[in-house]
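> 3D, please:
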Amino acid sequence: MSADSAAAGRDALLDELRALMAAHSPSLHALVVPSEDAHQSEYVSERDKRRQFVSGFTGSAGLALITMKEALLWTDGRYFLQAEQQLTNRWKLMRMGEDPPVEVWIADNLSDEAVIGINPWCISVDTAQRYEHAFSKKHQTLFQLSSDLVDEIWKDRPPVNALPVFVQPVEYAGCSVTEKLKELREKLQHEKARGIIIAALDEVAWLYNIRGNDVHYSPVVHSYSIVTLHSAFFYVDKRKVSVEVQNYMTENGIDIKDYNMVQSDASLLASGQLKGSAVNGSSHGENDMNENSKVWIDSNSCCLALYSKLDQYQVLMLQSPIALPKAVKNPVELDGLRKAHIRDGAAVVQYLAWLDKQMQENYGASGYFTEAKGSQKKEHMNVKLTEVSVSDKLEGFRASKEHFKGLSFPTISSVGPNAAVIHYKPEASSCAELDADKIYLCDSGAQYLDGTTDITRTVHFGKPSEHEKSCYTAVLKGHIALDTAVFPNGTTGHAIDILARTPLWRSGLDYRHGTGHGIGSYLNVHEGPHLISFRPSARNVPLQASMTVTDEPGYYEDGSFGIRLENVLIVKEANTKFNFGDKGYLAFEHITWTPYQTKLIDTTLLTPAEIEWVNAYHSDCRKILQPYLNEQEKEWLRKATEPIAASC
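Coordinates of the predicted model:
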């Protein structure tokens, strides 16, 4: 299908949706189509990509609003350029942070008593309440649809795949289900809650030490959990459950129930009538209504459909008690993450060494280490290198490593102007060919049984401009500033985000994305509740020792190039000379190992301390990665990690 016919097909979908909206009782003045699934996931399965289906925009974050006259798409700064390229002229791009939020736009632009339709499974309680508050001034209504209108027009919607659930062994998880349930029940007792509904897929996976393949790149299972003071339930498509997993759940006192029973069981939980098998094998009702009368939900991950089954006066809306224990890694998880990143670093070095050779042999490039202009494709070139073909090669290097299970997100392999698209996803049919005279940015990661990885490196195989060098160096300076930060306990990621931006700000430059996100232990590549960002939500959760977080400042010039450098860090206790206020101080340990391209560094812009940091990091890369490389790769790494000196 051509791009024009695909666009025409998407535009026809708007007409079909509007016909359904008009015929609905009550008739709908607007339809909200979120990106999220029934678990408020960032990355969703193919059959849950409703917003992508109706709009054509393929980014992971965004929201579509369809009225009888307009179609609008909200997304954040990572995707502005991509959305501009993918939306047809029947859609209007709304830039988050610059344009009014969707609920404000609706309240300001739709009529009094307008009815706005929503699939109640695909909107969180927090978002729904925010919408309802905004709509109240004009008596507008957020209407819960009994069926998703997008599903009604999606004729070839992908089917449900019954992929198997598997157990994550304690040798990688580091903590048994028994221990996790005990800690969770202690928190329920403390908050006087009789039970909790857990909707976030990675939280269910972490709590029960299970993994799956229901979502590309995220080893999770479409499932819910309800845990009470005496019972635990796992709601899942039973076709996915083997005898081994069934026995595992039984041994841990967990009842397996059909995925679709979670809504009716939420009602039973609310009335104190939910019964199950206790850990000791006896059956209990949850009848301690007076002392433990609350039902705990996380309003960011629990959907409106489940919340509607509860007595709102008995609902305890707090951050999930699983979020922090999952984010604060135990010693086994930390050890696994360190090992996974070493193997992953070796794969990326093998890839860069291979790519360097290919660029020289096929494109006449000066290469990774030498500057020269005028490179060109050689006659009778054996291999055409594209953004997709080279990223496939990188996946191959990773796949050869122990415990490899797949990628952790679609590889961002981007040349020149495409590198300025922050979350660019190359497609084989339309991607760019590599160019020795343009910057190449590669943001990639993998899932290993013992950890999740995420790394970005930016390189140039020809002669970078002085402007490109100065921008790269400013990004590197911010990257180093965050890596070397020391800060007191209680500090949030909002407070230290400025460290990574200051070198760019000095030149009047910046970037439109956050600086760091948590990362899972063979789980989601983006993990909260903490983050390093300018966004207000980064003020909510202080950084703690044993959390993981990325360090990824960048700079992007639309239509020209993009630069990003990313390592994964572990928050650790700092050994400071003093301890003002007895707070205790924290610092970072980097666990990502791949060199920075010294050809792109303007050493005149680095301080002696920054030069020392680069040299020490490169020395460590050499020592740590050499055992995983062949002789040619070792020689490439030796050259890539030669010490740099201050320019006179």
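> quick one: low-confidence parts of this protein?
Low-confidence segments of the chain, defined by pLDDT under 70, span residues 1-8, 278-292, 373-382, 648.
> for it, longest helix please?
The helix of greatest length in the chain, counted in residues with DSSP state H as the criterion, is given as helix 331-363.
> Show me which residues of that helix are buried.
Under the neighbour-count criterion of 16 or more other CB atoms under 10 Å, helix 331-363 has 332-334, 336-356, 358-360, 362-363 buried. In short, each C-beta sits where N, CA and C put it, glycine included.
> tell me how far that helix is from the chain's mean position?
Per CA atoms, centre = their mean, to the nearest Å, the displacement of helix 331-363 from the mean C-alpha position of its chain is 21 Å.
> Tell me the helices and strands packed up against it.
In terms of contacts (3 or more CB pairs under 8 Å, 6 or more residues apart in numbering; DSSP states H and E), helix 331-363 is packed against helix 170-173, helix 387-399, strand 446-448, strand 451-452, strand 455-459, strand 567-573, helix 608-625, helix 631-640.
> Nearest to residue 195, out of these?
helix 170-173 (23.5 Å; CB to CB).
> Just want the most central residue of the protein.
residue 526 (3.0 Å; CA atoms, centre = their mean).
> my guess is that residue meets residue 78, correct?
No - with contacts counted by CB atoms under 8 Å, residue 526 stays clear of residue 78, the gap being 11.6 Å.
> list residues touching both of the two?
Both residue 526 and residue 78 lack any common contact, where contact means CB atoms under 8 Å, 6 or more residues apart in numbering.
> before we move on, back to that, contact partners for the residue nearest to the centre of the chain?
The neighbours of residue 526, taking CB under 8 Å, 6+ apart as the test, are 42, 517-519.
> hmm, try it at 7 Å
For residue 526, the contacting residues are 42, 517, by CB atoms under 7 Å, 6 or more residues apart in numbering.
> try residue 344
398, 446, 453, 455.
> what's the helix or strand for residue 248?
In this assignment (DSSP states H and E), residue 248 forms part of helix 243-251.
> Quick one: residues in contact with the helix or strand that that helix is followed by.
Downstream of helix 243-251, the first helix or strand assigned by DSSP H and E is strand 254-258. Residues external to strand 254-258 that are found in contact with it (CB under 7 Å, 6+ apart): 208, 231-236, 238, 241, 246, 249, 265, 276-277.
> so the next helix or strand after strand 254-258 versus strand 254-258, what angle?
Scanning forward in sequence from strand 254-258, with DSSP H and E defining helices and strands, the next element found is helix 262-270. Angle, helix 262-270 to strand 254-258, by axes from the mean of the first three to the mean of the last three CA atoms, to 10 degrees: 130 degrees.
> who does helix 262-270 touch, helix- and strand-wise?
Other helices and strands packing on helix 262-270, by 3 or more CB pairs under 7 Å, 6 or more residues apart in numbering; DSSP states H and E, are strand 223-228, helix 304-307.
> Just put the helices and strands packed on helix 331-363 in a markdown table and tack on mean neighbour count.
Putting those into a markdown table (neighbours: other CB atoms under 10 Å) gives the following:
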| stretch | mean neighbour count |
| --- | --- |
| helix 170-173 | 16 |
| helix 387-399 | 19 |
| strand 446-448 | 27 |
| strand 451-452 | 30 |
| strand 455-459 | 23 |
| strand 567-573 | 21 |
| helix 608-625 | 16 |
| helix 631-640 | 16 |
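> Residue 584: which of the ones you listed is closest?
For those, proximity to residue 584 was assessed by CB to CB; strand 567-573 is nearest, at 6.7 Å.
> For the closest one, which strands pair with it and how are they oriented?
Strands flanking strand 567-573 in the sheet, each with its direction: strand 548-551 (antiparallel), strand 585-590 (antiparallel) (DSSP bridges).
> Redo those strands as TSV? Include distance to residue 124 and mean neighbour count.
What follows is the strands paired with strand 567-573, written out as TSV (distance: least, CB to CB, whole Å; neighbours: other CB atoms under 10 Å):
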stretch	distance to residue 124	mean neighbour count
strand 548-551	24	25
strand 585-590	31	18
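> what's the closest of those strands to residue 392?
Ranked by CB to CB, the member of these that lies closest to residue 392 is strand 548-551, at 24.1 Å.
> Considering the contacts of strand 254-258, which is situated nearest to residue 173?
For the contacts of strand 254-258, with residue 173 as the reference and CB to CB as the criterion, the closest is residue 208, at 9.9 Å.
> Next up, the contacts around the closest one.
Applying CB under 7 Å, 6+ apart, the residues contacting residue 208 are 177, 225, 234, 254.
> The third one falls within a helix, correct?
So that's residue 234. No - Residue 234 sits outside any helix when classified using DSSP: H, G, I helix; E, B strand; the rest coil, being strand.
> partners of it in the sheet?
Legend: beta-bridge partners of residue 234 under DSSP bridges are residue 225, residue 256.
> wait, isn't it in contact with residue 225?
Yes - counting by CB atoms under 7 Å, a contact exists between residue 234 and residue 225, whose distance comes to 6.0 Å.
> higher neighbour count, the two?
The residue with more neighbours, out of residue 234 and residue 225, is residue 234; 26 against 23, by other CB atoms under 10 Å.
> Format the strands paired with strand 567-573 as CSV; extra columns: distance to residue 602.
What follows is the strands paired with strand 567-573, written out as CSV (distance: least, CB to CB, whole Å):
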stretch, distance to residue 602
strand 548-551, 20
strand 585-590, 22
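> Kindly state the domain boundaries assigned to this protein.
The domain map for the chain lists 1-151, 164-324, 329-639, with the assignment taken from the TED database.
> looking at those domains, which is closest to residue 647?
Across the domains of the chain, the minimum distance to residue 647, taken as CB to CB, is reached by domain 329-639, at 4.5 Å.
> which one of the contacts of residue 208 is nearest residue 30?
Proximity of the contacts of residue 208 to residue 30 (CB to CB) peaks at residue 225, which lies at 33.6 Å.
> Residue 578: how many residues sit nearby?
Using other CB under 10 Å as the criterion, the residues surrounding residue 578 number 6.
> In contact with it, which residues?
When contacts are counted by CB under 7 Å, 6+ apart, residue 578 touches no other residue.
> now that we have the contacts of strand 254-258, which one has the most neighbours?
For the contacts of strand 254-258, neighbours were counted using other CB under 10 Å, and residue 208 has the most, 28 neighbours in all.
> Switch the contacts of strand 254-258 over to CSV; also include distance to residue 189.
As requested, the contacts of strand 254-258 are arranged in CSV below (distance: CB to CB, whole Å):
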residue, distance to residue 189
208, 20
231, 14
232, 15
233, 18
234, 22
235, 23
236, 27
238, 31
241, 30
246, 29
249, 23
265, 21
276, 18
277, 20
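> between the helices and strands packed on helix 331-363, which gets nearest to residue 326?
helix 170-173 (10.8 Å).
> Who's the closest spatial neighbour of residue 641, skipping the chain neighbours?
Of all residues not flanking residue 641 in the chain, residue 618 sits nearest, at 3.6 Å (CB to CB, 6 or more residues apart in numbering).
> hang on, the one you found packs against residue 644?
No - with contact defined as CB under 7 Å, residue 618 does not count as touching residue 644 (8.3 Å).
> just how off-centre is stretch 547-555 within its chain?
Worked out by CA atoms, centre = their mean, stretch 547-555 lies 12 Å from the chain centre.
> quick one: contacts of it?
The set of residues that contact stretch 547-555 without belonging to it, under CB under 7 Å, 6+ apart, is 327-329, 337, 454, 456, 471, 474-475, 478-479, 482-483, 500-501, 504, 509, 511, 515-519, 530, 532, 562-571.
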